[in-house]
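> Structure of the sequence below:
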Amino acid sequence: MSVEEKAQHTLEVLKNHQSIRKFTGAKITPEQMQQIYAAIAQSSSSCFLQLVTTIAVQDRSKLEQIAHLAGEQQHIAHCSHFLVFCLDVTKLEHVAGIKPPYGFNFIMTGLNDCTIACQNAFVAAEAQGLGGVIVGGFRRNIAAVSELLKLPQGVAPLLALCLGVPDPEYIEEQKPRLPQSWLFMDEEYHDPFNAEELAQYDEKMRQYYKGRRYNQQDATWTDSVKVMLPGMTCDAAGIIAYLKKQGFEFF
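Purely as a prediction, here's the structure:
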């Protein structure tokens, strides 16, 4: 395959991304997982600290427990592999002798690195015809998930990826995105809001929601945002208390 063909394949994988929540039940092969692990290992790492540890959960009982703790997200219970991306400073304890409390920069760095690793894993999965969805809902019960995974002090689960073989019956067309003028800017920030563009986008989303085969609804992007926002105000105090218990500080 030429450089141009490789580039085109990579770009097609990226542009065709969509979240998948329905799986056939088939297992991802060890060879496929090894490709995903290789992509995670090569992810960009802040200051090359390599703070990410990835835990792959396949045990059905554990998956069902995590699905419940994440708010009854049944795609977790039925996926092939559930990858949990953890901030892990224990490596630095061994090689550099650092001790808790770990500074706030570790949280920011770990969150960035876990996000990059998760996206790399997702792209590697989609390049092999697999599918999945990024999951953060488990954080509402982050301490319970941590106990289930037997995480020691210095390790915290920040992001997860649900992976499996997509059920073709449930694959929909891609969700329309906001206008590019709202997403990309040159040189400096400007307020992208445009009432007419928003109305056009909302109508496009309404047609998407009404036209898809499953979970049809008469709603716009604005409607969906207003429904989702209350859920964003989860127990932040509980997450902060958990992270402090794991040895991380916020000042």
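> so Ile40 is in which element?
helix 30-41 (DSSP states H and E).
> Quick check: Pro101 touching Gln246?
No: contact criterion Cβ atoms under 8 Å: Pro101 and Gln246 do not qualify, at 9.9 Å. (Each C-beta comes from the backbone N, C-alpha and C, glycine too.)
> quick one, which of those two is more surrounded?
Per other Cβ atoms under 10 Å, whichever of Pro101 and Gln246 has more neighbours is Gln246, with 23 against 13.
> how close does that one get to Val84?
14 Å (Cβ to Cβ, to the nearest Å).
> Quick one: the strands in the chain, in order.
Ranges of strands within the chain are 52-57, 81-88, 131-135, 155-164, based on DSSP state E.
> Just put those in a markdown table and tack on distance to Arg206, mean pLDDT and mean neighbour count.
Listed next are these as a markdown table, based on distance: least, Cβ to Cβ, whole Å; pLDDT from 0 to 100; neighbours: other Cβ atoms under 10 Å:
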| stretch | distance to Arg206 | mean pLDDT | mean neighbour count |
| --- | --- | --- | --- |
| strand 52-57 | 37 | 98 | 19 |
| strand 81-88 | 33 | 98 | 24 |
| strand 131-135 | 23 | 97 | 22 |
| strand 155-164 | 27 | 98 | 25 |
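> closest to His75 out of those?
Across the strands of the chain, His75 has its closest neighbour in strand 155-164 (5.5 Å, Cβ to Cβ).
> What is the closest one packed up against?
With contacts taken as 3 or more Cβ pairs under 8 Å, 6 or more residues apart in numbering; DSSP states H and E, strand 155-164 sits against strand 81-88, helix 104-127, strand 131-135, helix 142-148.
> residue closest to the middle of this protein?
Ile134 (2.9 Å; Cα atoms, centre = their mean).
> can you pull up the bridge partners for it?
Leu161 (DSSP bridges).
> is it true that it touches Ser19?
Yes: assessed by Cβ under 8 Å, Ile134 is found in contact with Ser19 at 7.4 Å.
> Low-confidence bits of the stretch 101-250 of the chain, can you list those?
Applying pLDDT under 70 to the stretch 101-250 of the chain picks out residues 233-234.
> Quick check: which of the helices and strands packed on strand 155-164 is buried the most?
Stretch with highest mean neighbour count among these: strand 81-88 (a mean of 24; mean count of other Cβ atoms under 10 Å).
> tell me the mean pLDDT over the helix holding Ile40?
In this model, helix 30-41 carries a mean pLDDT of 98.
> now do stretch 66-73
96.
> Please point out which parts of it sit buried.
Neighbour-count burial for stretch 66-73 flags Ile66, Ala67, His68, Leu69, Ala70, Gln73 (criterion: 16 or more other Cβ atoms under 10 Å).
> List the residues that contact Ile40.
Val52, Thr54, Ala117, Asn120, Ala121, Ala124 (Cβ atoms under 8 Å, 6 or more residues apart in numbering).
> just checking, the third one touches Gln50?
No: because the distance of 10.0 Å does not satisfy Cβ under 8 Å, Ala117 is recorded as not touching Gln50.
> For burial, what's the neighbour tally of Pro30?
7.
> Quick check: His9 vs Met1, distance?
With Cβ to Cβ as the criterion, His9 and Met1 are 8 Å apart.
> For stretch 69-76, give me every contacting residue.
So stretch 69-76 is contacted by 21-23, 63, 66-67, 82, 133, 135, 137-138, 140-141, 144-145, 148, 162 (Cβ under 8 Å, 6+ apart).
> cool, stretch 208-223 as well?
Counting by Cβ under 8 Å, 6+ apart, 170, 172-173, 175-176, 178, 198, 201-203, 205-206, 227 sit against stretch 208-223.
> do stretch 46-64 as well
Contacts of stretch 46-64 (Cβ under 8 Å, 6+ apart): 33, 37, 40, 43, 45, 66, 76-89, 91-92, 106, 109-110, 112-114, 117, 121, 148-149, 155, 157.
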